[in-house]
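*Asks:* here is my input, please return the structure:
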Amino acid sequence: MTAVADRSLGPELDLVDIIGPDTDVLVIGLVSGDDGPTIATLEDDFVDNILTAEVRAALQEQLRAVGAKGKAEELTRIPAPAGLSAKSVLAVGLGAADKIDAEQIRRSAGVAARSLTGVGRAVTTLSGLEGGIGPTAEGFFLGAYTFTAFKTESANGKPDEQPVRKVELLVGDPSASYRKGFEHDWVVAESIATARDFVNTPPSHLYPAEFAARAKTLGEAAGLQVEVLDDQELADGGYGGVLGVGKGSSRPPRLVRLTYRGGDKKKVALIGKGITFDTGGISIKPAANMENMTSDMAGAAAVIAATVAAAKLELPVTVIATVPMAENMPSATAQRPGDVLTQYGGKTVEVLNTDAEGRLILADAIVRASEDEPDYLIDVATLTGAQMVALGTRTPGVMGTDDFRDRVARISRLAGENGWAMPLPTELRADLNSKVADLANVAPHRWGGMLSAAIFLKEFVPEGVQWAHLDVAGPAYNTGGPFGYIGKGGTGVPVRTLVSVIEDIAAEDLSDASE
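*Replies:* Sure thing, here's the model as predicted:
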């Protein structure tokens, strides 16, 4: 399985039931305990034929001798004992036995993958843990992900610095009984890596027209119906928010629509903020760390990738993505603080701060998406710095209609992306009143900034539509050190949440049909 991109997004993965003679590294799980670390207990008896009692005892003795503890994501690499065909063994900590879940397996696999530079072939028993096949596949694929598109060959590193090329997952039966779930999670991992690639591509090479072209190529390859509106078509259609934000740039805006028709019972609208670079416009940002604003299209990247994943997984639901794309720049043609825009659909907005631009393009997209009469509407955006103030850099804020907000947040936590439900206090709405227009794009104070932004968007969501807004300003882009299966740069959050929510809606449809 390969990506639509012109390169592989991760290592080759496969299911096997033996350790081949050319295995470089065997990756095993180690559990911490009061009596010292123990090798993780696996579901399938077949592993006993590979890790015999004698081999297990030798491994455990060696690992304890070199100080391994089994703490979550701890790595210990030792020579393989007699009886194993692998050259070496890498033990990765899983933590306490009662704490091992899908996300811990995913994180431990990711840490292992990041350490296996220069390895040609690794085999792992992590897939033999309860429910471990999918998380192991995702963890290794995403942990080995690197973005080197703009590095010269000499800067890419020596062969022993390249990511692991192939990872084989040990299972009891590598045939169809396991393969469907394995391939499902590979598709999800590949979609997350696709979103990472979009986010990591610099704005010099991913501006609105190019972003739209790449989204079109990706969508058409997956069999999606694709529509791209250029700046003239946006003007003719009355997309005042997208045009207002994009008018300061020499690279005009776009709006992309991707449609997957997998079923006719429920319709899901996805909307992603696609600001390919955000200077703040006339309300310009500080220069320090502005380079991180290459990530301001992470919501769009996640929505595009999730829609393609829905098509690849053949989910029985209709998904329509509406993705506005613009570059927010200061210039003689840029919108000014105090300008009034007419959004798509007719509402007017006074622009008090041009750096609150994401909500302006999302408002246009929400109204357009609502014309499709969706049952559910989810928008995703790196929308506010206030998200990080409130929830940190790894916890997306989830707002919207109460029931659907809570459902999305719960699914996000189960998926390992940690969404957290947040309120939309009614008293904050008055702060968005304008003296000259229907709305102002910001409140006159800094309190509850994430919530005020969502309340602004709520003004454009029709009554009766189940709506969720995900603010992923911090979680979508890692500016710190690598952790788990997350490297520096684009993380792919919240692709897994979006796919899981769509699957949950599809499962609801199937349940309704059977009653």
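
*Asks:* can I assume residue 186 sits in a strand?
*Replies:* No - counting by DSSP: H, G, I helix; E, B strand; the rest coil, one finds residue 186 to be helix, located in no strand.

*Asks:* that one: how many residues sit nearby?
*Replies:* 19 (other CB atoms under 10 Å). Heads up, the C-betas are built off the backbone N, CA and C, glycines and all.

*Asks:* the nearest residue to it once chain neighbours are set aside sits in which helix or strand?
*Replies:* Among residues not flanking residue 186 along the chain, residue 137 sits closest, at 5.5 Å (CB to CB, 6 or more residues apart in numbering). Element membership of residue 137, judged by DSSP states H and E, is helix 133-143.

*Asks:* what ranges do the strands span in the stretch 1-150 of the chain?
*Replies:* Taking DSSP state E, counting those that start in this stretch as the criterion, the stretch 1-150 of the chain carries its strands at 12-16, 25-32, 38-39, 75-79, 88-96, 121-124.

*Asks:* so for residue 69, which of those strands sits nearest?
*Replies:* strand 25-32 (5.8 Å; CB to CB).

*Asks:* who are the packing partners of that closest one?
*Replies:* Here strand 25-32 touches strand 38-39, strand 88-96, helix 102-115, strand 121-124, going by 3 or more CB pairs under 8 Å, 6 or more residues apart in numbering; DSSP states H and E.

*Asks:* could I get the ones you listed as a markdown table with mean neighbour count?
*Replies:* Output for those, formatted as a markdown table (neighbours: other CB atoms under 10 Å):
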| stretch | mean neighbour count |
| --- | --- |
| strand 38-39 | 18 |
| strand 88-96 | 22 |
| helix 102-115 | 25 |
| strand 121-124 | 24 |
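
*Asks:* any idea which of those scores lowest on pLDDT?
*Replies:* Among the helices and strands packed on strand 25-32, strand 38-39 carries the lowest mean pLDDT, at a mean of 92.

*Asks:* what's it packed up against?
*Replies:* Identification of packing neighbours for strand 38-39 by 3+ CB pairs under 8 Å, 6+ apart yields strand 25-32, helix 53-65.

*Asks:* what's the most buried one of these?
*Replies:* strand 25-32 (a mean of 25; mean count of other CB atoms under 10 Å).

*Asks:* same for the longest strand seen in the chain, what does it pack against?
*Replies:* Determined from DSSP state E, the single longest strand within the chain is strand 318-328. If you count contacts as 3+ CB pairs under 8 Å, 6+ apart, strand 318-328 packs onto helix 208-221, helix 240-246, strand 254-261, strand 267-272, strand 274-278, helix 298-312, helix 358-370.

*Asks:* for residue 144, give me its contacts.
*Replies:* 10, 11, 113, 114, 116, 163, 164, 167 (CB atoms under 8 Å, 6 or more residues apart in numbering).

*Asks:* wait, I meant residue 409
*Replies:* 398, 419, 420, 421.

*Asks:* centre of the chain to the host helix or strand of it, how far?
*Replies:* Using DSSP H and E, residue 409 sits in helix 402-414. Here the centre of helix 402-414 is set off from its chain's centre by 16 Å, with CA atoms, centre = their mean, to the nearest Å.

*Asks:* the helix or strand just after it pairs with which strands, parallel or anti?
*Replies:* Under the assignment DSSP H and E, the closest C-terminal helix or strand after helix 402-414 is strand 420-421. The strands that strand 420-421 pairs with in its sheet are strand 397-400 (parallel) (by DSSP bridges).

*Asks:* contacts for the partner strand next, please.
*Replies:* Strand 397-400 is contacted by residues 387, 390-391, 405, 408-409, 412, 419-424, 450-451, 454, 458, 466-471 when judged by CB under 8 Å, 6+ apart.

*Asks:* could you redo the last one with a cut-off of 6 Å?
*Replies:* 387, 391, 405, 408-409, 419, 421-422, 424, 450, 454, 467-471 (CB atoms under 6 Å, 6 or more residues apart in numbering).

*Asks:* quick one: average pLDDT of it?
*Replies:* Mean pLDDT, computed over strand 397-400, is 98.

*Asks:* so where is the stretch 151-300 of the chain shaky, pLDDT-wise?
*Replies:* 154-160 (pLDDT under 70).

*Asks:* cutoff 80 now
*Replies:* Across the stretch 151-300 of the chain, the ranges flagged by pLDDT under 80 are 153-160, 173, 175-177.

*Asks:* biggest separation within the contacts of strand 397-400, which pair?
*Replies:* The span of the contacts of strand 397-400, defined through CB to CB, is set by 391 and 467 at 19.6 Å.

*Asks:* mind jotting down where the helices sit in the stretch 401-515 of the chain?
*Replies:* Along the stretch 401-515 of the chain, the stretches classed as helices by DSSP state H, counting those that start in this stretch are 402-414, 449-458, 495-514.

*Asks:* most tightly packed of the ones you listed?
*Replies:* helix 449-458 (a mean of 23).

*Asks:* quick one: work out the angle between it and helix 358-370.
*Replies:* Interaxial angle, helix 449-458 versus helix 358-370 (axes from the mean of the first three to the mean of the last three CA atoms, to 10 degrees): 30 degrees.

*Asks:* could you say what helices and strands helix 449-458 packs with?
*Replies:* helix 358-370, helix 385-391, strand 466-471 (3 or more CB pairs under 6 Å, 6 or more residues apart in numbering; DSSP states H and E).

*Asks:* which residues touch it?
*Replies:* Contacts for helix 449-458 (CB under 6 Å, 6+ apart): 359, 362, 383-384, 386-387, 390, 397, 399, 424, 428-429, 432, 443, 469, 471.

*Asks:* can you check stretch 464-475 too?
*Replies:* With contact meaning CB under 6 Å, 6+ apart, stretch 464-475 is reached by 376-380, 382-384, 387-388, 393-394, 396-401, 404-405, 408, 450, 454, 457, 461, 493-494.

*Asks:* pull the CA atoms of it into CSV?
*Replies:* What follows is stretch 464-475 as a C-alpha-only set of coordinates in CSV (Å, rounded to 0.1, in the frame of the first residue of the first chain):
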residue,chain,number,x,y,z
GLY,A,464,-31.5,21.6,13.8
VAL,A,465,-28.1,20.7,12.6
GLN,A,466,-25.9,18.7,15.0
TRP,A,467,-22.7,20.7,15.1
ALA,A,468,-19.2,20.3,16.6
HIS,A,469,-16.4,22.8,16.4
LEU,A,470,-12.8,21.5,17.1
ASP,A,471,-10.2,24.0,18.0
VAL,A,472,-6.8,22.3,17.5
ALA,A,473,-4.5,25.3,17.5
GLY,A,474,-2.0,23.4,19.8
PRO,A,475,-2.6,19.7,19.1
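
*Asks:* that stretch: how far from the chain's middle?
*Replies:* In this view, stretch 464-475 has its centroid 13 Å away from the chain centroid, taken as CA atoms, centre = their mean.

*Asks:* again with stretch 483-493
*Replies:* The answer for stretch 483-493 is 9 Å, by CA atoms, centre = their mean.

*Asks:* what about it, average pLDDT?
*Replies:* 97.

*Asks:* what are the buried residues along that stretch?
*Replies:* Neighbour-count burial for stretch 483-493 flags 484, 485, 486, 487, 489, 490, 491, 492, 493 (criterion: 16 or more other CB atoms under 10 Å).

*Asks:* who's residue 320 bridged to?
*Replies:* Judged by DSSP bridges, the bridge partners of residue 320 are residue 259, residue 269.

*Asks:* which one is residue 205 nearest to, not counting chain neighbours?
*Replies:* residue 150 (7.9 Å).

*Asks:* so that neighbour versus residue 190, what's the distance?
*Replies:* Noted for residue 150: a distance of 21 Å to residue 190, by CB to CB, to the nearest Å.

*Asks:* more neighbours, those two?
*Replies:* Using other CB under 10 Å as the criterion, residue 150 and residue 190 rank with residue 190 on top: 28 against 11.
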